[in-house]
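let's see this in three dimensions:
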Amino acid sequence: MTTASPSVFLLMVNGQVESAQFPEYDDLYCKYCFVYGQDWAPTAGLEEGISQITSKSQDVRQALVWNFPIDVTFKSTNPYGWPQIVLSVYGPDVFGNDVVRGYGAVHVPFSPGRHKRTIPMFVPESTSKLQKFTSWFMGRRPEYTDPKVVAQGEGREVTRVCSQGFVTLLFNIVTKDMRKLGYDTGPTDTQGVSGPSLPQGFPQ
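Take a look at the predicted model:
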């Protein structure tokens, strides 16, 4: 008896939003969400989450450690619109208002295995010094109404931004049935957990 060939493949993503470096700020929390194409659909896990508030470590690194878990599974018929994770970091200003301290996005790694990514973060800037002073005084810094715009290219060229901080993510990626559908992602995709390392010469 022959088995029917699969019509979709699965992408299983787990890991954690590990830590951040924001030298000028403390007591920060992080939100994440996924952005993906029309042919993709989540089948298990959480598409978005919000972490606890963390303070800087007392050692020389002064890292902000969250170790906030990520666990989601997607299905799709083609790789177009491969999922991206969008991060938003928030913390208090001098008046105690929660303001955005950084946005960033990165594609979920394409190949199975364990991956580490460090994402440079940025914030939108006011277009004039008067607006900058007003937003500081009122405790309302410029921010995106929908953080998912960070993962898209449209309109980004007209947005003035300022770089600040980095966030480190750890991913464990498992794919299923991609090879059967004709897609080669490097290591053989598997029914279970793949090996921890990438093939020699594959870009990290």
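
local confidence estimate at Gln58?
According to the prediction, Gln58 has pLDDT 86.

what strand or helix carries it?
Counting by DSSP states H and E, there is no helix or strand that carries Gln58.

use 17 as the first number for this chain going forward.
All set: I'll call the first residue 17, so the last point we hit is now Gln74.

so it versus Asp42, what's the distance?
As judged by Cβ to Cβ, to the nearest Å, Gln74 and Asp42 stand 12 Å apart. C-betas here are computed from N, CA, C, even on glycine.

who's more crowded, the two?
Using other Cβ atoms under 10 Å, the more surrounded residue of Gln74 and Asp42 is Asp42, with 14 against 7.

can you tell me the SS state at that one?
Counting by DSSP: H, G, I helix; E, B strand; the rest coil, the backbone at Asp42 sits in coil.

got the contact list for it?
Asp42 sits next to 71-72, 80, 107 when contact means Cβ atoms under 8 Å, 6 or more residues apart in numbering.

one more pass at 7 Å, please.
Asp42 is in contact with 71-72, counting by Cβ atoms under 7 Å, 6 or more residues apart in numbering.

how about it, phi and psi?
Here is the backbone geometry of Asp42 (degrees, to the nearest 10): phi -140, psi 170.

next: Arg195.
Here the main-chain torsion angles of Arg195 (degrees, to the nearest 10) amount to phi -60, psi -40.

and it, what pLDDT?
At Arg195 the predicted local confidence, pLDDT, stands at 88.

please apply the same query to Val105.
Confidence at Val105, expressed as pLDDT, is 95.

residues in contact with it?
Val105 is in contact with 36, 44, 46, 117-118, 137, 181, 183, counting by Cβ under 7 Å, 6+ apart.

how about Val166, secondary structure?
What three-state DSSP gives for Val166 is helix.

and Gly65, what element?
Per DSSP H and E: Gly65 is located in strand 64-66.

and that strand, what does it pack against?
strand 45-51 (3 or more Cβ pairs under 7 Å, 6 or more residues apart in numbering; DSSP states H and E).

next, count neighbours for Leu80.
Neighbours of Leu80 using other Cβ under 10 Å come to 26.

and the contacts of Val105, which of them are in strands?
Using DSSP state E, 36, 46, 117-118, 137, 181, 183 are the members of the contacts of Val105 that sit in strands.

quick check, nearest of these to Phe25?
Of all the ones in strands among the contacts of Val105, Val183 has the smallest distance to Phe25: 28.3 Å, by Cβ to Cβ.

residues touching the closest one, list them.
Val183 sits next to 33, 36, 103, 105, 120, 135, 137 when contact means Cβ under 7 Å, 6+ apart.

ok, now with 10 Å
By Cβ atoms under 10 Å, 6 or more residues apart in numbering, Val183 lies in contact with 33-38, 44, 46, 48, 80, 82, 103-105, 118, 120, 122, 133-137.
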